[in-house]
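**Student:** fold the following and give me the result.
(chains A and B)
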Amino acid sequence: EPEVTQTPSHQVTQMGQEVILRCVPISNHLYFYWYRQILGQKVEFLVSFYNNEISEKSEIFDDQFSVERPDGSNFTLKIRSTKLEDSAMYFCASSPGRIPGETQYFGPGTRLLVL
Amino acid sequence: AQTVTQSQPEMSVQEAETVTLSCTYDTSESDYYLFWYKQPPSRQMILVIRQEAYKQQNATENRFSVNFQKAAKSFSLKISDSQLGDAAMYFCAYRKVNNDMRFGAGTRLTVKP
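**Tutor:** As a prediction, the model looks like this:
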């Protein structure tokens, strides 16, 4: 069964450094998402992406964040200058298309620790 | 704004027994979708069950079923014949058509042997 994959599974970085989190959505899916989960808290929406542009973003997704689909398979989340409070689990998700209420399929997550 | 509330931070159930996890939500929409996701210690998010708001019939997936009360904006998850592998965090989530998902704070389920 196809699944969303994410790399790396864990990332440790110094405050102020740039990080890129990578995701490979399910191959025939058209909508892509990033969520984050700070330890012990709820999963929070960051951004959705469709047709090579951001379709929706939350207030968390400020100028420090950017997303890109550099090729036909990868979907990346870049954090330009990491802060301590960026430490969280980051989940990528994808859904097939514009059918209302489609299920989003989540990847296993990348655990980011900012020191 | 859509909010999702899970009022039970923790629940416990004896193996083979039945447990119900509560979820309420707030919305002014009539067309939306509701989900339960399971998050085991690995922290992966696994879809358990989904419900379309326009359907009156409650969704069922094997041992998992929901009690969807649209007027009350309630969406509880019932786990029958609980198994040790059911132990996890359970998140209720709401999604408008073609929008992102809003999650509740989660309920940690413990299954006692």
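
**Student:** and the residue most central in space within chain A, bridged to which residues?
**Tutor:** Chain A has residue A:34 as the residue nearest its centroid, 3.0 Å off, counting by Cα atoms, centre = their mean. Legend: beta-bridge partners of residue A:34 under DSSP bridges are residue A:47, residue A:92.

**Student:** got the contact list for residue A:68?
**Tutor:** A:75, A:76, A:78 (Cβ atoms under 8 Å, 6 or more residues apart in numbering or on different chains). The way it works is simple: take the backbone N, C-alpha and C, and place the C-beta from them, glycine included.

**Student:** could you measure from it over to chain B?
**Tutor:** Distance of residue A:68 to chain B, given as Cβ to the nearest Cβ, to the nearest Å: 19 Å.

**Student:** how many residues are close by residue B:63?
**Tutor:** Residues near residue B:63, counting by other Cβ atoms under 10 Å in any protein chain shown, number 13.

**Student:** secondary structure class for residue A:89?
**Tutor:** What DSSP: H, G, I helix; E, B strand; the rest coil gives for residue A:89 is strand.

**Student:** cool, and residue B:85?
**Tutor:** With three-state DSSP as the basis, residue B:85 sits in helix.

**Student:** and it, how many neighbours?
**Tutor:** 9.

**Student:** so what pLDDT did it get?
**Tutor:** If you check residue B:85, the pLDDT there is 95.

**Student:** the bottom helix or strand of chain B by mean pLDDT?
**Tutor:** strand B:101-103 (a mean of 88; mean pLDDT, DSSP states H and E).

**Student:** tell me the helices and strands packed up against it.
**Tutor:** In this structure, strand B:101-103 packs against strand A:43-50, strand B:3-5, strand B:88-96, with contacts taken as 3 or more Cβ pairs under 8 Å, 6 or more residues apart in numbering or on different chains; DSSP states H and E.

**Student:** from those strands, which stretch is densest packed?
**Tutor:** Of all these, strand B:88-96 has the most neighbours on average by mean count of other Cβ atoms under 10 Å in any protein chain shown, namely a mean of 23.

**Student:** around chain A, pick out the residues from chain B.
**Tutor:** Residues of chain B lying close to chain A (Cβ under 8 Å from any Cβ of the partner chain) are B:31-33, B:35, B:37, B:42-47, B:50, B:52, B:91, B:93, B:95, B:97-106.

**Student:** surely residue A:91 and residue A:105 touch.
**Tutor:** No. At 10.5 Å, residue A:91 and residue A:105 do not qualify as touching, with contact defined as Cβ atoms under 8 Å.

**Student:** more neighbours: the two, which one.
**Tutor:** Neighbours were counted for residue A:91 and for residue A:105 using other Cβ under 10 Å; residue A:91 has more, 27 against 21.
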